[in-house]
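*Asks:* my questions concern the predicted model and sequence given below.
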Number of protein chains: 2
Amino acid sequence: MDAEQLDQRLEAAVSIAEAAGPIALNYFRSPLAVDDKSAGGAFDPVTAADREIERQMREQIAARYPEDGIYGEEEGGRAGASGLRWIIDPIDGTRAFMSGMPAWGILLGCVEGERCLAGVVHQPFLGETFTGAGGRAEVRDARGTRALQTRASARLGDALLYTTDPSMFPEPAEQRAYEALVGACRMRRFGGDCYAYCLLALGCIDLVVEGQLKPYDILPLIPIVEGAGGVVSDWEGGAAHAGGRIVAAANPELHAQALGHLRNVSS
Amino acid sequence: MDAEQLDQRLEAAVSIAEAAGPIALNYFRSPLAVDDKSAGGAFDPVTAADREIERQMREQIAARYPEDGIYGEEEGGRAGASGLRWIIDPIDGTRAFMSGMPAWGILLGCVEGERCLAGVVHQPFLGETFTGAGGRAEVRDARGTRALQTRASARLGDALLYTTDPSMFPEPAEQRAYEALVGACRMRRFGGDCYAYCLLALGCIDLVVEGQLKPYDILPLIPIVEGAGGVVSDWEGGAAHAGGRIVAAANPELHAQALGHLRNVSS
């Protein structure tokens, strides 16, 4: 894919993700949704929002790129002939969404083989869209478009580390490795989901360490982190596209130090 | 204090907290601040923002209400003659602030004796101000002003529970009580700080359970939660004004059930 085609697909991804924002906001903090859920009924506002968003995104992708494959969290895969596949996570950060905290995002990535060429996170409540493609990452908000750049600090002792939830490391060996890394960092904070990777790309934090991720949780985030100067891998330093245990670092030096703690955890 | 005086003080609190927003945003996600911090220097952007905000808020309070006392996190207390005291937490949620996550807030409360008569949380990045006074709570944002109302669900098994950080419960007995309550709830999420109490008042979550709070962390939040229909107390069911171990619940029924797990933890 040449630079012009890549740019066109990135703009398509931005437009499709942003078009889904109003659907998400219809459900976010909705008193109706909360009332229904608290009544103990079968209606789940997160799943309803997830499905409605994924349906619209699938339609728009199929209309623009009928030859491409699609994989979404809710409806699974549809094969394509082009060798390209769109990965949708309609709402990444279900717990944040359920609880009214604006740390969730609408994720969309365009993948070739195992590599995500273009990735987008749209956070409609904050009015922010994070993009990554071709080695560049940007954030778009009400103030315009700015390049993203991770922090340069390579000292683990200065690092701010995010993890969505402590329950991501159920095995004793991974828990031990994770806690050893946390102990070497300046600060650890829970909560974040996809937005933690955006904070990394914004240069606000230094490490995101997680476990039990699905491919669609991480794929669209990889070009954003990498385009801002960061590194994303699994805990062995291998490719991150398959999900599982993930470490994202602001720079290669910090990444190497984090791997020093995380490597060689038996699965 | 009559209703008109209370209303005047609430509007003063809103105006003083909102005037501090631009100072906080100058430091929030600031590359300069991040660069300085990562260089390992003595400059701490959080403390700098804290101090600058508190200084401005103190000046504005002293100019409007010279007879009132003031207590701020950074500069301590100043006695007053009126029997009223203003409580300032210039940035509640230091870790969120440091990491670029918009879950911190500027807190201001007007206290008589041990009771907070009027409380304000201002979150300038989100453009939201939460207020509570005289048994009413509201949120003001770009869409206008709306009354806050907590959720009515009284089932612990449906409850969404927030806690800022697991390190808030260092003692084994409080950790056990807390985990027993978490086990009875539908979901627990970490992160939140003052914003978790706002999510409770918004009707998005059901419980906030914390430990090791200072008086200024909780005082301004009490009239917001109570004005929205919620209940705030310590883990024994007593007044919350002194901080320590706190439980805030969406309604009295849920509060009673939460206390069933939290009571009788020896300190």
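*Replies:* Structure's in. What do you need? All figures in this text were calculated on a predicted structure; none of them were measured in a lab. Residues are numbered from 1 along each chain as shown, chains lettered A, B, ... in the order given.

*Asks:* please count neighbours and contacts with C-alpha atoms only from this point.
*Replies:* Noted.

*Asks:* A:Cys198 - how many residues pack around it?
*Replies:* Number of residues near A:Cys198 (other CA atoms under 10 Å in any protein chain shown) recorded here: 26.

*Asks:* so it makes contact with A:Val225?
*Replies:* Yes - the pair A:Cys198 and A:Val225 qualifies as a contact (CA atoms under 8 Å) at a distance of 7.5 Å.

*Asks:* where along the stretch 151-267 of chain A do the helices fall?
*Replies:* Taking DSSP state H, counting those that start in this stretch to define them, one finds helices in the stretch 151-267 of chain A at A:172-184, A:194-201, A:215-218, A:222-227, A:252-262.

*Asks:* turn those helices into TSV, including mean pLDDT and distance to A:Gly132.
*Replies:* Shown next, in TSV, are these (pLDDT from 0 to 100; distance: least, CA to CA, whole Å):
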stretch	mean pLDDT	distance to A:Gly132
helix A:172-184	96	28
helix A:194-201	98	10
helix A:215-218	94	13
helix A:222-227	98	4
helix A:252-262	98	18
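
*Asks:* quick one, which of these is nearest to A:Leu117?
*Replies:* Closest to A:Leu117 of those is helix A:222-227 (CA to CA; 6.7 Å).

*Asks:* show me where pLDDT drops low in the stretch 1-150 of chain A?
*Replies:* By pLDDT under 70, the low-scoring segments of the stretch 1-150 of chain A are A:31-45.

*Asks:* for the helices of the stretch 151-267 of chain A, which one sits closest to chain B?
*Replies:* Closest of the helices of the stretch 151-267 of chain A to chain B is helix A:194-201, at 6.4 Å (criterion: CA to the nearest CA).

*Asks:* related to what we said a few turns ago, any chance of the helices of the stretch 151-267 of chain A in CSV with distance to chain B as columns?
*Replies:* Output for those, formatted as CSV (distance: least, CA to the nearest CA, whole Å):
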stretch, distance to chain B
helix A:172-184, 13
helix A:194-201, 6
helix A:215-218, 19
helix A:222-227, 16
helix A:252-262, 13
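
*Asks:* tell me which of those helices sits nearest to B:Thr164.
*Replies:* Each of the helices of the stretch 151-267 of chain A has some distance to B:Thr164 by CA to CA; the shortest is helix A:194-201, at 16.0 Å.

*Asks:* what helices and strands are in contact with that closest one?
*Replies:* Applying 3 or more CA pairs under 8 Å, 6 or more residues apart in numbering or on different chains; DSSP states H and E, we find helix A:194-201 packed against strand A:207-213, helix A:222-227.

*Asks:* so which of those is the most surrounded?
*Replies:* Mean neighbour count (mean count of other CA atoms under 10 Å in any protein chain shown) peaks for helix A:222-227 among the helices and strands packed on helix A:194-201, with a mean of 28.

*Asks:* grab the nearest non-local neighbour of A:Leu219.
*Replies:* A:His241 (5.6 Å; CA to CA, 6 or more residues apart in numbering or on different chains).

*Asks:* who touches the one you found in this structure?
*Replies:* Residues near A:His241 by CA atoms under 8 Å, 6 or more residues apart in numbering or on different chains: A:Glu114, A:Arg115, A:Cys116, A:Pro215, A:Ile218, A:Leu219.

*Asks:* who wins for most neighbours among the residues you listed?
*Replies:* A:Leu219 (29 neighbours).

*Asks:* hang on, it packs against A:Cys116?
*Replies:* Yes - assessed by CA under 8 Å, A:Leu219 is found in contact with A:Cys116 at 6.0 Å.

*Asks:* tell me the residues that contact both of those two, please.
*Replies:* A:Gly109, A:His241.

*Asks:* for chain B, see how far away A:Ala242 is.
*Replies:* Separation of A:Ala242 from chain B (CA to the nearest CA, to the nearest Å): 26 Å.

*Asks:* again with A:Asp141
*Replies:* Counting by CA to the nearest CA, the gap from A:Asp141 to chain B is 12 Å.

*Asks:* look up which residues are beta-bridged to that residue.
*Replies:* Bridge pairing for A:Asp141 (DSSP bridges) gives the partners A:Gly144.

*Asks:* quick one: contacts for it?
*Replies:* Contact partners of A:Asp141, counting by CA under 8 Å, 6+ apart, are A:Gly127, A:Glu128, A:Thr129.

*Asks:* which residue is the nearest non-sequential neighbour of the last one?
*Replies:* Among residues not flanking A:Thr129 along the chain, A:His122 sits closest, at 4.3 Å (CA to CA, 6+ apart).

*Asks:* do the second one as well
*Replies:* In space, A:Glu128 comes closest to A:Asp141 once its chain neighbours are excluded; the distance is 4.7 Å by CA to CA, 6+ apart.

*Asks:* perfect, I'm done here.
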